[in-house]
Each structure stands twice: as C-alpha cells, then as structure tokens.
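Participant: Provided below are the primary sequence and the corresponding predicted coordinates.
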Amino acid sequence: LAHAYWSKLVQQGDLVIDATCGNGKDALALARYALESPLGRLWALDLQAEAIASAQILLKDSLPPEQFARISFLQCNHSVFPENIKEGSVKLIAYNLGYLPGGNKTLTTTAASTLLSLGLAVKLACPGGAISVTCYPGHPEGLAEEAAILQWCRGLSPKLWSVCSHRWENRKKAPSLLLLQRCWRS
Ligand SMILES: C[S@@+](CC[C@H](N)C(=O)[O-])C[C@H]1O[C@@H](n2cnc3c(N)ncnc32)[C@H](O)[C@@H]1O
C-alpha cells in the first residue's frame with residue numbers, strides 16, 4: 001500500500017528521503033520513482049552501518065550507475081537530517097519503523113527519536129509533499145511508538161496537513177500505515 005501511494009505521489013526528478021533505509025528495498029522503490037530524471041535525488045539514512053552497507057549493495061546492483069550516483073547514503077540518527085536538505089524541498093520522507101530485518105532486534109526505532117524526526121520532516125516536505133510512516137504495533141515498543149505518533153499527528157493543523165491512517169482490522173499484529181500530506185496552499 002505504501003509503495004502504491006509513493007508511486008502516484010513521487011514524480012521523476014523529485015527529491016525523496018528514506019529515513020530508515022534498512023536493507024534498501026524501500027529505497028530501491030523510491031529510486032525507481034524519482035531517479036530516471038537527472039534532477040532526481042535520494043537520501044538513504046539509517047542508524048546502522050550494517051544497514052547502509054546492505055542498502056548500498058542492493059541499490060548498486062539494481063540501478064544504472066548514473067542513478068546510483070545520485071543517492072546519498074548516510075549513517076545517522078534520523079532525529080537530525082543533513083543540513084543541506086532545504087526546508088520545503090522534499091516530495092516524500094518515508095519511514096519504515098522497527099528493527100533491521102535479520103539484524104539486531106534491540107536496535108529499533110523509538111517514539112522519542114521518531115517524534116523528533118517527524119517534527120523536522122514536516123518542515124522539509126514541500127507543498128503537496130508527504131510523509132509516509134509504516135508502524136509495527138505487533139511488539140510493545142512498536143505499539144507505544146505508533147500511539148505516540150498518532151497522538152502527535154492529531155495535533156497537526158488540518159489547514160496545513162491531511163493525515164490518513166490505515167490498519168488491517170482482522171490482523172492484530174499487522175503493520176499500520178500513516179500518510180501525512182502537506183496541503184498545496186500551505
Ligand atoms: C524496518 S527497518 C527498515 C526497512 C527498510 N526500509 C527496507 O526497505 O529494508 C528499520 C530500520 O530503521 C533503522 N533505525 C532504527 N532507529 C533509527 C534511527 N533513530 N534513525 C535512523 N534509522 C533508524 C534500523 O537500523 C533499521 O534498519
């Protein structure tokens with residue numbers, strides 16, 4: 001569902017951010033939506049060196065070299081975005097929360113750092129741009145994180161942001177998807 005939304009929103013030539021790039025599967029989808037135009041640019045961030053290395057291998061193997069060259073990989077906490085990403089310039093900031101599949105399950109996103117990051121992401125998004133957050137309420141930390149994010153979302157002005165939450169009603173441990181779109185005239 002997230003990828004279907006991204007594919008409609010993101011245009012070739014857009015600037016996009018994967019704030020939790022993990023093994024790079026989401027980043028590869030974003031690259032395909034944005035990087036065919038030489039103007040397109042992708043930032044792929046992750047806390048773990050292991051994740052960045054794995055994403056780099058996948059994207060290098062999957063994309064033409066000139067597209068791969070327009071991806072900036074950064075090992076960092078997403079509570080701080082690179083300074084050279086300008087406010088109001090990003091079409092999509094994507095979060096796929098939780099821990100690295102196949103990695104250390106204790107190195108998971110937390111409500112505290114995710115909320116800090118979202119507070120910055122709302123400034124980076126361009127008019128008509130969006131923030132996509134996949135939450136994992138099937139484990140206790142993920143449930144608390146989802147609750148904190150939902151509470152924060154409800155405080156966003158409806159004049160500036162349109163917030164939509166999707167959940168699978170007959171699967172208690174399924175991920176949920178939050179889509180936040182910045183209004184065009186904001
Ligand atoms: C579910 S995985 C992401 C999956 C990934 N998007 C993919 O397509 O493979 C979550 C990732 O978030 C990263 N992470 C956890 N806390 C973070 C933080 N504070 N800042 C940046 N990345 C973080 C983890 O290292 C992990 O790789």
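Facilitator: Received, thanks. Numbering: from 1, shown residues only.

Participant: residues contacting the closest residue to the ligand within the chain?
Facilitator: Among residues of the chain, the one nearest the ligand by CB to the nearest ligand atom turns out to be G22. It sits 2.7 Å away. C-betas here are computed from N, CA, C, even on glycine. For G22, the set of contacting residues under the criterion of CB atoms under 8 Å, 6 or more residues apart in numbering consists of 46, 51, 54-55, 96, 100-101.

Participant: Also L28?
Facilitator: 58-59, 62-63.

Participant: Which of the residues you listed fall in helices?
Facilitator: When helices are assigned by DSSP state H, the members of those inside them are 58-59, 62.

Participant: and of these, the nearest to S117?
Facilitator: Proximity of these to S117, judged by CB to CB, is greatest for L59, which lies at 21.8 Å.

Participant: one step back: of the contacts of G22, which is the most crowded?
Facilitator: Using other CB atoms under 10 Å as the neighbour criterion, D46 leads those with 27 neighbours.

Participant: Which positions are bridged to it in the beta structure?
Facilitator: Note on D46: beta-bridge partners Q75, judged by DSSP bridges.
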